[in-house]
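Participant: Quick check, what structure comes out for this input:
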Amino acid sequence: MTKISILGCGWLGLPLGIALLAAEFSVNGTTTSTEKLAVLENAGIKPFLIVLSENKTTGNLTDFLEKSEILIIDVPPRLRGSETENFVSKIRNIIPFIEKSFVKNVLFISSTSVYNDADAFVTEETIPKPETESGKQLLETEQLLLSNNNFKTTVLRFGGLIGEDRHPIHFLAGRENLDNPDAPINLIHQEDCIGIILKIIENDSWNQTFNAVTPYHPSREIYYTQKAMALNLASPKFNNENNFGGKIILSDTLENVLNYTFTKPNL
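Facilitator: Below is the predicted model of the structure:
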C-alpha cells in the first residue's frame, strides 16, 4: 500500500486525506494543534504534531515522512497584518528531511496569486509577476522545490477556494461600494481540488505546473449577486466607477493532460 504524507491537514488537507484513504492509500498527516490529533486519528490518518517556523521545525518530521513516496505540502503563508512570515525559510528547513526520506514526488499547493492582473488571459506559460508578498513567497518556494533534483515536484496553483462551508458571499453580502464589478471570478470548489490531486497521483503527473481554476468566469457583480439571491442573502452593491478589470486563469493544460472534468462547473 502506497503511503502519502500530507503536511497540513486543514480545510483542504483533512478531507483530502480521507479521500486518499478511500482510494486505498496509507496516509500520514500533520496538525499544529494537539486537539486535532484525535480528529486525524479518528479519520484513519496517522497524526503528527509538527510546527514549521522560520528558524526551526518542531516535531518528528523523520517519522512523518518514513516510507512515504509522496509528500503533499498544503501550508499556505500566514499573514501578519500587512506583512507575511518568511514562508520560504519554513519550507527550506524541511528540504533536508525530504532528501533523506523515501519521498520521490512532492505536490506543492500554490496559488494563482503568483500572477498579476496585467494579462487578460493567464496560462502556465504566462510569466508570473506576483504583486503581493504572499504571492512572491509562494513563487520563490515553487522555484526552490522545482529546482531540487532529489525529488520530482508538481506545482498546483489553485484559484480562490470555496466549499459548502466556505464562500466569499458570506463576507460580501449586504456590503456596498465594492470595487471592480466587471472583474471575472477565478474560483475552485473543494471537491475539484481533491479530484485534481487524486488525478495527479493516479496519472503519475510529476515535474509539472498546473493552474487549477474552474472554467467559469462571470463578472464579480453578476456572480455574487446571483449567489446572494440563491442563498437568500442581501445582495452586495458594486461601484462601477472603480472598475479596473482582471485576469481569467485558464486551466486547459490540467484538463488536457489529466483528462479531468470539473465536477462543480458552475460553483
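
Participant: Tell me which residue is most central in this structure.
Facilitator: I109 (4.2 Å; C-alpha atoms, centre = their mean).

Participant: Is that residue part of a helix or strand, or is it coil?
Facilitator: With DSSP: H, G, I helix; E, B strand; the rest coil as the basis, I109 sits in strand.

Participant: Nearest residue to it in space, please, no chain neighbours.
Facilitator: Nearest residue to I109, sequence neighbours excluded (C-beta to C-beta, 6 or more residues apart in numbering): D74, at 4.4 Å. Using the backbone N, CA and C atoms, a C-beta is placed for each residue, glycine as well.

Participant: Measure how buried the one you found is and give me the count.
Facilitator: Counted with other C-beta atoms under 10 Å, the neighbours of D74 add up to 24.

Participant: Same question for S147.
Facilitator: 8.

Participant: Residues in a beta bridge with the residue nearest to the centre of the chain, which ones?
Facilitator: L156 (DSSP bridges).

Participant: Run a quick check on it versus P76, I expect a contact.
Facilitator: Yes: I109 lies in contact with P76 (C-beta atoms under 8 Å); the separation is 7.5 Å.

Participant: all helices of the stretch 1-150 of the chain, in order?
Facilitator: Counting by DSSP state H, counting those that start in this stretch, one finds helices in the stretch 1-150 of the chain at the ranges 13-22, 37-43, 61-65, 87-100, 133-146.

Participant: If we go by neighbour counts, what in the third one is buried?
Facilitator: Of the residues in helix 61-65, those buried by neighbour count under the rule 16 or more other C-beta atoms under 10 Å are 61, 64-65.

Participant: In terms of secondary structure, what does that helix contact?
Facilitator: On a contact count with 3 or more C-beta pairs under 8 Å, 6 or more residues apart in numbering; DSSP states H and E, helix 61-65 meets strand 3-7, strand 26-31, helix 87-100.

Participant: can you redo the ones you listed as TSV with mean neighbour count, mean pLDDT and distance to Y216?
Facilitator: Formatted as TSV, the helices and strands packed on helix 61-65 follow (neighbours: other C-beta atoms under 10 Å; pLDDT from 0 to 100; distance: least, C-beta to C-beta, whole Å):
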stretch	mean neighbour count	mean pLDDT	distance to Y216
strand 3-7	25	98	28
strand 26-31	24	98	31
helix 87-100	17	97	30
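
Participant: Out of the ones you listed, which is closest to L250?
Facilitator: Nearest of the helices and strands packed on helix 61-65 to L250, taken as C-beta to C-beta: helix 87-100 at 26.2 Å.

Participant: okay, the angle between that closest one and strand 3-7?
Facilitator: Between helix 87-100 and strand 3-7, the angle comes out at 160 degrees (axes from the mean of the first three to the mean of the last three C-alpha atoms, to 10 degrees).

Participant: Report the angle between helix 87-100 and helix 133-146.
Facilitator: 20 degrees.

Participant: Report the distance from helix 87-100 to the chain centre.
Facilitator: 18 Å (C-alpha atoms, centre = their mean, to the nearest Å).

Participant: go on, stretch 230-249?
Facilitator: That offset, for stretch 230-249, works out to 23 Å (C-alpha atoms, centre = their mean).
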